[in-house]
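J.: Quick one, structure for this:
(one chain, ligands or ions: 1)
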Amino acid sequence: MLPISFKDDIPALQNKYYFNYGGQGPLPNESLNAITTSWQEIQRLGPFTNDVWPYITKEVINTKNLLSEICGIHPKRIALTENVTTGCVLPLLGLPFFTGDHLLISDCEHPGIVAACKELARKKNLKIGILPLLELSNKNNHDDETYIAVLKLIDTNLQKNTKLVVISHLLWNTGQIMPIELIAKKLREHSSKPYLLVDAAQSFCHIPIKDACDKADIYAFTGHKWAYGPEGLGAVALSARVLEESNPTLIGWKSLKEEEGIYVNNKNPFHSDGRRFEIATSCIPLLAGLNSSLKMLRNEGSETERFLKIKNLSSILWEKLNQIKNIELVLNNAPPSGIISFSINGINSPEEVVTHLGQKKLWIRVLEDPKWLRACVHITTDITDIDNLVYALNDFITARKSF
Ligand SMILES: Cc1ncc(COP(=O)(O)O)c(C=O)c1O
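T.: Down below sits the predicted model:
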């Protein structure tokens, strides 16, 4: 019997054409089984016995080691979280900001992170400035030109008292990649040495991340998007500076060096590594699921090989969409990543397109602002998926008499 392919092991990909990897990746059977097996093992050994603790400790260590390999940093710099948002927000809220400090946030950030920054600014009397990245989307999208333009915009928008820059590694709306190492270098050279918070929701297991992860102060990601992991488990990589300067904000027993120590007068009860941002009881079987998906991904090729495959597929989709009259692609050239956004001339409600395609078992999404349609391709996308999407869009557009 032939070994089952990665795609064939993913139930969600057997009955539909799936382009929402940036929203949530589908879970392979093998990872689902790893979660169930872990849950059974916890019940067999525990759930609350001396026999189960070594198992749980081993699962946590294995996961952090695997993530540290992917991120290219020491496992002590990693905190396990529930999702991208908590990875961004928990260390952010503990940083030392003072009245009047300036936070520079790109206009391509996810609403959850923007909301957290706004609330932080309200509470601490900080000022928010916007880094206008969206304007770069229809100019050019060759990485080098984008990088130069982004660095220029950062230069223009940094202020003397900027204390934080918030930017995604891979923009969820345009699919452009940001030069995180170069931005980090620029911020280190700036007089106020702003912290660099990077939303890595769309970059983890999609593009190479080691350098960015090492250089950012907060690099937060999740297992449930491009990594084909389960929802409910993410992680954040933290710089030595953040580990030293950010105080835990949502505090629980996991943040403590010694639980008993808290009852005596202990001035510094918190872990000095990533655990200072971990809180309390969490779902251990999810670790087995993420580990399994990460190992399966590794079997599909190196990080670079997988990224090249994604780029090749996205340029095929981009070329085909570019042939369809009335489709307006957001980027002018083949995209730098697996994210392709577009709009359709004459369509006021893009939700209608999603509903129409959904009826044909094709799944893309509408973004919030701008209301673009977004299709993501991943290593499990194939030419049949792409052709079906292109055909259905063409059909939908042709059926509109108003064009
Ligand atoms: C760029 C970006 N940031 C943050 C999030 C929120 O992710 P989570 O629900 O894991 O916090 C998403 C989810 O789509 C996203 O695309």
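
J.: how about the CA coordinates for stretch 331-338, as PDB?
T.: Only the C-alpha atoms of stretch 331-338 are listed here, as PDB (Å, rounded to 0.1, in the frame of the first residue of the first chain):
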ATOM      1  CA  LEU A 331      -0.700  43.500  -5.800                       C
ATOM      2  CA  ASN A 332       0.600  44.500  -9.200                       C
ATOM      3  CA  ASN A 333       3.000  41.500  -9.500                       C
ATOM      4  CA  ALA A 334       3.100  37.900  -8.500                       C
ATOM      5  CA  PRO A 335       2.700  37.900  -4.700                       C
ATOM      6  CA  PRO A 336       5.600  37.400  -2.300                       C
ATOM      7  CA  SER A 337       3.700  34.900  -0.200                       C
ATOM      8  CA  GLY A 338       0.700  32.500  -0.300                       C
END
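
J.: which residues make contact with that stretch from outside it?
T.: 21-22, 137-143, 146, 170, 174-177, 202, 206-207, 226, 310-311, 313-315, 318-319, 340-341, 376-378, 381 (CB atoms under 8 Å, 6 or more residues apart in numbering). Any C-beta I mention is one placed from the backbone N, CA and C, and that applies to glycine too.

J.: do that again at 6 Å, thanks
T.: 141, 143, 170, 175, 177, 310, 314, 315, 318, 376, 377, 378 (CB atoms under 6 Å, 6 or more residues apart in numbering).

J.: near the ligand, which residues of the protein?
T.: 22-23, 83-85, 110, 112, 168, 172, 199, 201-202, 222, 234 (CB under 6 Å from any ligand atom).

J.: circling back: apply the buried test to the contacts of stretch 331-338 and list what passes.
T.: 141, 170, 175, 177, 310, 314, 315, 318, 376, 377, 378 (16 or more other CB atoms under 10 Å).

J.: who touches the fifth one in this structure?
T.: Applying CB under 6 Å, 6+ apart, one finds that residue 310 lies in contact with residue 338.

J.: That one looks like it's in a strand, true?
T.: No: counting by DSSP: H, G, I helix; E, B strand; the rest coil, residue 310 is not found in a strand; it is helix.

J.: Give me the subset of the residues of the chain next to the ligand that lies in strands.
T.: 168, 199, 222, 234 (DSSP state E).

J.: Out of the contacts of stretch 331-338, which comes closest to the ligand?
T.: residue 170 (8.0 Å; CB to the nearest ligand atom).

J.: Where strands are concerned, which of the buried ones among the contacts of stretch 331-338 count?
T.: residue 376.

J.: Tabulate the buried ones among the contacts of stretch 331-338 (a markdown table), appending pLDDT.
T.: Shown next, in a markdown table, are these (pLDDT from 0 to 100):
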| residue | pLDDT |
| --- | --- |
| 141 | 63 |
| 170 | 98 |
| 175 | 97 |
| 177 | 97 |
| 310 | 98 |
| 314 | 98 |
| 315 | 98 |
| 318 | 98 |
| 376 | 98 |
| 377 | 98 |
| 378 | 98 |
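
J.: Show me what counts as buried in stretch 29-40.
T.: 30, 31, 32, 34, 35, 38, 39.

J.: do stretch 112-132 as well
T.: Across stretch 112-132, burial judged by 16+ other CB under 10 Å covers 112, 113, 114, 116, 117, 120, 121, 124, 126, 128, 131.

J.: Sticking with the fifth one, tell me its helix or strand.
T.: The secondary structure element spanning residue 117 is helix 111-124 (assigned by DSSP states H and E).

J.: and that helix, what does it pack onto?
T.: Applying 3 or more CB pairs under 6 Å, 6 or more residues apart in numbering; DSSP states H and E, one finds that helix 111-124 contacts helix 84-93.

J.: model confidence over the helix or strand that the helix it packs on is followed by, on average?
T.: Going down the chain from helix 84-93, the next helix or strand is strand 102-106, by DSSP H and E. Averaged across strand 102-106, the pLDDT comes to 98.

J.: Now find how far off-centre strand 102-106 is within its chain.
T.: The chain centroid and the centroid of strand 102-106 are separated by 19 Å under CA atoms, centre = their mean, to the nearest Å.

J.: Pull the CA coordinates from it and hand them back as CSV.
T.: What follows is strand 102-106, C-alpha atoms only, in CSV (Å, rounded to 0.1, in the frame of the first residue of the first chain):
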residue,chain,number,x,y,z
HIS,A,102,4.2,57.4,21.3
LEU,A,103,3.2,54.0,19.9
LEU,A,104,3.5,53.6,16.2
ILE,A,105,1.1,51.0,14.8
SER,A,106,0.9,49.9,11.1
